[in-house]
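Colleague: Need coordinates for the below:
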Amino acid sequence: MKYTFFNRPKSSIDMTPLMDIIFLVLIFFMVGTTFEMNRSLKMNLPETLTAEGNLSENKILLEADSEGNIAVNGQRVDLASLSEAILNLSPNETTEVYIMGDENIPYKTIVQIMDIVKILGLEQISLVTDIKKEL
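Modeller: Next comes the predicted model:
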């Protein structure tokens, strides 16, 4: 007596559409994520309509708050030792300097910081601001 075996179709779930959806969700979160700079001083940045969001890898971040505190890449310094702190980072001519100043800081302080940076030979100076949401 011969037995006949029927080939049953194997039941399986097609994972391709699920992987497509997961990939699209991953892309959505990667594009929609904003990154906050590491701030060592608490401050309110002035808002502008033309603010840009990209920072260079080869950078020096100078922060100045409304109380007169100054920080270089997160390390607090005073105005007198600012040039020494910048030189300790061994900058070169391609190093970009970003100045983050509180919106209530005296204009004189920002000018003094920019003057020190230019004396050290760093010409690529940018002022960091927040993006203004409405006109």
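Colleague: and after the helix-or-strand element of the chain with minimal mean pLDDT, which helix or strand comes next?
Modeller: One helix or strand of the chain scores below all others by mean pLDDT, DSSP states H and E: strand 47-48, with a mean of 64. Once strand 47-48 ends, the next helix or strand along the chain (criterion: DSSP states H and E) is strand 59-64.
Colleague: Need the residues that contact that following strand.
Modeller: With contacts defined as CB atoms under 8 Å, 6 or more residues apart in numbering, strand 59-64 is touched by 37, 39-41, 43, 55, 69-74, 82, 86, 89, 91, 95-102, 105, 109-110, 113, 117, 122. C-betas here are computed from N, CA, C, even on glycine.
Colleague: Give me the sheet partners of it and which way each runs.
Modeller: Looking at strand 59-64 with DSSP bridges, its partner strands are strand 70-72 (antiparallel), strand 96-101 (parallel).
Colleague: next one: that strand to chain centre, how far?
Modeller: Taking the mean of its C-alpha atoms, strand 59-64 sits 12 Å from the chain's own mean (CA atoms, centre = their mean, to the nearest Å).
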